[in-house]
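*Asks:* Could you work out the structure for the sequence below:
(2 chains)
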Amino acid sequence: MKKLKYALFTGCTAKQSTPEQMMSTMAVARKLDIEMIELTEASCCGASHLQDYDDFLSLVLNARNIAYAEKHGLTMVTICNTCQLNTAMTKHRLDNNAELKAKVNEKLAEIGLEYKGTSNVIHFLYAIIDDFGLDKIKEMVVKPLSQFNIAPFYGCHNIRPSELHNESHKTKENPYNPTSLDDLIIACGAKNVDYEEKNKCCGFHVELQAPHTAAVLTGNAIAGATDQNADMMVTPCPLCHLKLDTQTKSASEAIGREVSLPVLHMQQMVGLALGCTPAELGLQHHVTDVNFI
Amino acid sequence: MSTNTITTQKVNFKVFRFNADNDYLPYYENYTMDVTSEEVVLDILNRIKWDYDGSFSYRRSCRHGICGACAIKVNGRSTLACKESMTTMIEYFGNEITLEPLSTKRAIKDMIIDKADFWEKHASVTPYLVADIDECPSCENLVSPHDAEELNEADLCIQCGACHYACPAVEINSDFFGPAAFAAAYRFEADVRDNDANRLSYVNEEKQGVWDCVKCYECAEVCPKDINPIDKITKLHQMAFKKGVAKNNVATRHAVGFLHSIKKHGLLDEGGLVLYSEGPSIVKHIPVALQMFKKGKIVMPWNMPKSDKLDEIQKLIKSSSTVKF
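*Replies:* The predicted structure is shown next:
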């Protein structure tokens, strides 16, 4: 197989509140011999909040990010569900609206760039499943996580709106019954846990403006996984991770029940199964203790 | 699958049963049927009533996806029974299918729910045209095709409630208007003839308004008419800023804060955003922030990373901004 090479859009949390996500992404890439060219010029995707304020500006900024991936002639890989949504949404809108694309390109021309629409945008989860291959990952597992029941937490912005996401990757995900993360858990040798909240919202985006709603959603998710005997959760989204890992106190208060589960980033789970060390994967950066792993 | 061959398969239906007049608790009844590839979910509801139990109750009327009466939940997914093919449902969920009302806690009898909260919220957003149109106009009150395009999608809403009862924010916060009411509000806010003075600020109020949307995209996914309610919610946010209706509060500052942060760093400054949004209320985040700091999850302002070629980003912000707040 030809060596895989991607343009990596890290997003903002990987550089700040989830350093372990950056560490584990690079560790897994090394193990799988995937080359990552980091898009150091990229800006924030707007996280759907800049989009609430200024739609056109957010389109221009996201188009600029994609244009840099295009310059490398590479598929852009995201490691955050919300980055994936906002970048893929920009691509979808520009690729389907010549007038809008021309308007955006008029602005990008000021800095000598052009958005062409030649680079695909996919989340790292689908890059390793579709491009690298689940079977190959399975073959490379040296430390199967067979003693663990792991609950997948998909995160909204990777599965909804399904029409948009199923445009960008080969795995056709059913938003009501997603399977990619379950398959990856099984490939890592662990047992996947089925529970009602696996495809639900964690509440991250309203943590400041609707803290009660946000806390209940987080609490419900952890409680749902706990009740199905999960030893830990795993998510491809750093924002879900922040919510599930750091906000257990407010979540417990909101639902009137003490809840707390270790939460791994998807990359950390794969990294552990492939034999990376906990330190390499940044497990020391978790607020909810994961040291038992 | 082939469209010209009708196939049949055995499906077990686990059906929610409840009669608020007699039952203390709801229960589920199982019906196993041979389902043909041509049937829709409503056919199954009809067969339960006609072949098994005449007391089984559900709402139905037009059978053509127009009246919005027959929305129910299939394996947790809100759906319009007369429009949804059983083949798709089996493809999605296999041969064990659960039929439930849109909201089990609002059940009156089997699939029938008390939709009062939906209608109250819908009515509260002034879901009609408010315009000073001369009663005896001398000419037509024209809307150009271009202007009509802005509202056409939202106008297709049939008030089935599928999105409303799929919305997690509605479930948790009983004041929250919900996606259908917002789509209706947008329908008239986007109408060039409308000049209602209160609607936009009413749907921008804290606790009840658009700012409590959790951005889960459940509404976009379930809508049987492809109205994409969250897209209308986003447009209501944008309108609030454009028309100067947005108030200075934690939610609006959270949106504007992204711009300030990107202008300064290219990236989002997480701590800076919380400070900008919360103001003095930031103190309530200190306990969690301390825990995060101990684990190396907080970057100090002086170490804040910046995007390369930040000047490009700043130049684009200058030339491409369309809103001022």
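*Asks:* For residue A:73, grab the count of nearby residues.
*Replies:* As a burial measure, residue A:73 scores 10 neighbours (other Cβ atoms under 10 Å in any protein chain shown). Heads up, the C-betas are built off the backbone N, CA and C, glycines and all.
*Asks:* anything in stretch B:230-243 sitting right up against chain A?
*Replies:* Yes. Stretch B:230-243 reaches chain A (Cβ under 8 Å from any Cβ of the partner chain) through B:234, B:237, B:238, B:241.
*Asks:* Give me the nearest residue to the last one, chain neighbours excluded.
*Replies:* The spatially closest residue to residue B:241, leaving aside those adjacent along the chain, is residue B:323, at 5.0 Å (Cβ to Cβ, 6 or more residues apart in numbering or on different chains).
*Asks:* what do you get for the third one?
*Replies:* Of all residues not flanking residue B:238 in the chain, residue A:55 sits nearest, at 5.7 Å (Cβ to Cβ, 6+ apart).
*Asks:* Can you give me the pLDDT of that neighbour?
*Replies:* Among the per-residue scores, residue A:55 shows a pLDDT of 97.
*Asks:* Enumerate every residue touching it.
*Replies:* Under the criterion of Cβ atoms under 8 Å, 6 or more residues apart in numbering or on different chains, the neighbours of residue A:55 are B:234, B:238, B:322.
*Asks:* Redo the residues you listed as JSON lines? Include pLDDT and neighbour count.
*Replies:* Formatted as JSON lines, those follow (pLDDT from 0 to 100; neighbours: other Cβ atoms under 10 Å in any protein chain shown):
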{"residue": "B:234", "pLDDT": "97", "neighbour count": "20"}
{"residue": "B:238", "pLDDT": "97", "neighbour count": "20"}
{"residue": "B:322", "pLDDT": "94", "neighbour count": "13"}
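*Asks:* between the residues you listed, which is nearest chain A?
*Replies:* Checking the contacts of residue A:55 against chain A with Cβ to the nearest Cβ, the nearest one is residue B:322 at 4.8 Å.
*Asks:* The closest one touches residue A:56, doesn't it?
*Replies:* Yes. Shown here, residue B:322 and residue A:56 form a contact pair, counting by Cβ atoms under 8 Å, at 4.8 Å.
*Asks:* Okay, and which of the residues of stretch B:230-243 next to chain A map to helices?
*Replies:* Members of those lying in helices (criterion: DSSP state H): B:234, B:237, B:238, B:241.
*Asks:* Could you report the neighbour count for the last one?
*Replies:* Residues contacting residue B:241 under the criterion other Cβ under 10 Å number 20.
*Asks:* sorry, back to before: ok, now which ones touch the residue nearest to residue B:241?
*Replies:* Residue B:323 touches A:53, A:54, A:57, B:238, B:241, B:242, counting by Cβ under 8 Å, 6+ apart.
*Asks:* what's the single longest helix in chain B?
*Replies:* helix B:250-265.
*Asks:* Would you mark the buried spots in that one?
*Replies:* For helix B:250-265, burial by neighbour count (16 or more other Cβ atoms under 10 Å in any protein chain shown) applies to B:250-262, B:265.
*Asks:* is it true that residue A:242 lies in a strand?
*Replies:* No. Using DSSP: H, G, I helix; E, B strand; the rest coil, the assignment for residue A:242 is helix, not a strand.
*Asks:* Test my guess that it contacts residue A:204.
*Replies:* Yes. Residue A:242 lies in contact with residue A:204 (Cβ under 8 Å); the separation is 6.7 Å.
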